[in-house]
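Chemist: When you get a sec, could you give me coordinates for this:
(chains A and B)
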Amino acid sequence: MEILIASAIGVLTAGGVYLLLRLRTFPVILGLALLSYAVNVFLFASGRLAIDQSPILARYGEGSYTDPLPQALVLTAIVISFGMTAVLVMIGLAAYLEADSDRIDIDPVESRDDDQRGGAA
Amino acid sequence: MHWIILPVVLPALLAPVIGFVMRHDIGLARIASVTGTVLLLAIAIVLAWLAAGGETHVYRLGDWPAPFGIVLVLDRLSALMVLLTATLALIVLIHAIATGWDARGKHFHTLFQFQLMGICGAFLTGDVFNLFVFFEVLLIASYGLMIHAGGRDRIKAGLQYVVMNLAGSTLFLFALGTLYASTGTLNIADLAVVIPTIPAEEAALVRVAVILFMIVFAVKAALFPVQFWLPATYANAPAPVAALFAIMTKVGAYAILRIHTTSFGPGIEATEDLATTWLFPAAIVTIAIGAFGVLGARRLMPLIAFSVVGSMGTLLVAVAVFSPQATMAALYYLVHSTFAAASLFLIADLVVTRRAGDSLRPAAATVQNGLFAAIFFGAAIAMAGMPPLSGFLGKLLVLDALREPGTMVWAWSAILGGSLLTIVGFARAGSALFWSSTAMAAGPAEGPAARRATAGELAPAMITLGVLAGLAAFAHPVAGYLEATAVQVFDRAGYVAAVLGPVETEDATPIDTVIEQEG
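Modeler: Down below sits the predicted model:
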């Protein structure tokens, strides 16, 4: 169980970082989604891995239970990352439509601008 | 005592009303937004008055006791930051309305209010996960403000900014998970109780969390090696938004100061060496990057953005020492650099909109060239740290606080050298923009270059300069308040007692209770 969870987090993070470094809108959005999955599983595991246990006390202190706080944290993180992904898709789309390019880095654009301004002046 | 939550609730209620009810009526939205910000300023003044007594006020949301519920904590530091935010917000808002920036896109005022909600919340919260939530609130509003009014370069820079910050948020969550796994709590005061009980040899996981937190806050504070997003973002953001963003870098600095002092700070064996070891060199390099950026910038907005990077370096050099005296200097410089950066961005906006772009090349003089030059000169000497404005005193306080033999050589040479390069850079920019222009043929009598700035457009930049002059003139009482603030920041026991109630040592309390009951 621990091996499975740990390697899942590791693989998701590695894939996410790789896609993030592609510097194109679509891979970057997928990469950030993978990273947020990884961090959600990671947060879930931060309350220890307990199988088949409820997050509340069964009968006031009898029996064991799993830590409810990480579940609340994960829920918040899921909501926020979902909303952020939606915003990112919209801004990425706007950037693509404005610039006719889906590159994230802006250096070529800036230097082209400077050349144009230099030529004009 | 519901005052503490008002800086969060007021913008949170106002923003949707502006967004849904007043979205077709810019006049109404302006009135509502200005009224809300004035009210926020009034609330901030009341909070500063409440906190000035030195007591740490705690607001328990839903009245849940502290480690289990979320708390908002008001002490001198929080009150100072909220007051700073509200003052800056009002100035920036007047500028945005007077120059018509707010009408160039949709929902400026809604996003502006959400931004204020996030910033005030981040300054007031006493819970690390809640800090994450308020960071996200202020970030998502800043994404909208950053690309306000559109344009190709701005949206491309905005996309980069969003990606950078989403990666930062993921890192923040990893840091939170690591910290929770190793300590079992995310309340700042409770962390300050739990972490000292962890023996140094078992603290590896906590130390990882501490470093992760520092990277996350360094992203916000534009600290080397994660400062690279700031110049592109600030240079391409609408100028009033860039002026408001001057407080956003301070959110990062505040978070480092608060959490790395209270929870992981001096005197805690497991984690105390981490922040000093890594923060100090990073801040020194940040000063150098800022100074060389100012010297090398070919356009006005990146030049100002790099000067902001340099000022964050100076601020964090003082924070990195983690002593009350250095923290007092850091806080003075924090207030100063916020207004200095804002005034530079505001005056740059007036100049750039009257020229064909912001490249530092001589062009025909615009209308009111002398007036713009004078304001720019004032703001530039404030940012560079020349007398008589508060930048000089701020840097002097920082230098004075860094007298330890190990740090003095590095800090003094970095700050003094950086200041020199910044002065040269600003002098070059000023002479290219204003001085050389007077030698050229008179500009066109029509078009944007001939449009005189109204009193409303000039007032915000002048008010910020007035604030800087006031900071210098009333340096003694301000420094007195900040000294008390710094002492309170380092009073960990006081903070813990205020948040968690009377300190319970594990053996003593039950016995005392028993005795009381028997008696």
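
Chemist: Assign the closest residue in space to B:Phe108 that isn't next to it in sequence to helix, strand or coil.
Modeler: Spatial nearest neighbour of B:Phe108, excluding adjacent residues (CB to CB, 6 or more residues apart in numbering or on different chains): B:Asp102 at 4.0 Å. (Each C-beta comes from the backbone N, C-alpha and C, glycine too.) Secondary structure, DSSP: H, G, I helix; E, B strand; the rest coil: B:Asp102 is helix.

Chemist: so what pLDDT did B:Asp102 get?
Modeler: At B:Asp102, the pLDDT value in this model is 89.

Chemist: In chain A, what residue lies closest to chain B?
Modeler: Nearest to chain B, among the residues of chain A, is A:Ser46, at 3.9 Å (CB to the nearest CB).

Chemist: Could you report the neighbour count for that residue?
Modeler: 23 (other CB atoms under 10 Å in any protein chain shown).

Chemist: Please tell me I have it right and it contacts B:Thr178.
Modeler: Yes: under the criterion of CB atoms under 8 Å, A:Ser46 makes contact with B:Thr178 at 7.2 Å.

Chemist: Which parts of chain B are strands?
Modeler: B:57-60, B:71-74 (DSSP state E).

Chemist: low-confidence ranges in the chain?
Modeler: Since no chain was named, I'll use chain A. Counting by pLDDT under 70, the ranges of chain A that qualify are A:57-62, A:106-121.

Chemist: Wait, chain B was what I had in mind.
Modeler: In chain B (pLDDT under 70), the answer is B:441-446, B:502-519.

Chemist: go again using 80 as the cut-off
Modeler: Within chain B, the stretches with pLDDT under 80 are B:1, B:267, B:269-270, B:272, B:356-357, B:362-367, B:437-450, B:502-519.

Chemist: Get me the contact residues on it for chain A.
Modeler: Applying CB under 8 Å from any CB of the partner chain, we find that chain B lies next to chain A at B:129, B:133, B:136, B:140, B:143, B:147, B:150-153, B:155-160, B:162-163, B:166-167, B:169-170, B:173-174, B:176-178, B:180-181, B:232, B:298, B:357, B:359, B:361.

Chemist: May I see the ChimeraX selection of the buried members of those?
Modeler: Applying 16 or more other CB atoms under 10 Å in any protein chain shown to those, the buried members can be selected in ChimeraX as follows:
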select /B:129,133,136,140,143,147,151,152,153,155,156,157,158,159,160,162,163,166,167,169,170,173,174,176,177,178,180,181,232,359,361
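
Chemist: ok, the most centrally placed residue in chain A - contacts?
Modeler: Nearest to the geometric centre of chain A sits A:Ser36, at 2.8 Å (CA atoms, centre = their mean). Residues near A:Ser36 by CB atoms under 8 Å, 6 or more residues apart in numbering or on different chains: A:77-78, A:81, A:85, B:170.

Chemist: try B:Leu399
Modeler: Residues in contact with B:Leu399, defined by CB under 8 Å, 6+ apart, are B:411-412, B:415-416.

Chemist: between those residues, which is closest to B:Arg451?
Modeler: Among those, B:Ile415 lies closest to B:Arg451 (CB to CB), at 40.0 Å.

Chemist: Around that closest one, count how many other residues there are.
Modeler: Neighbours of B:Ile415 (other CB under 10 Å): 23.

Chemist: Please name the nearest non-neighbouring residue to it.
Modeler: Per CB to CB, 6+ apart, closest to B:Ile415 is B:Thr314, 5.7 Å.

Chemist: Can you give me the separation between that neighbour and B:Gln368?
Modeler: B:Thr314 sits 32 Å away from B:Gln368, going by CB to CB, to the nearest Å.

Chemist: Look at these two and report which has more neighbours.
Modeler: B:Thr314 (31 against 18).
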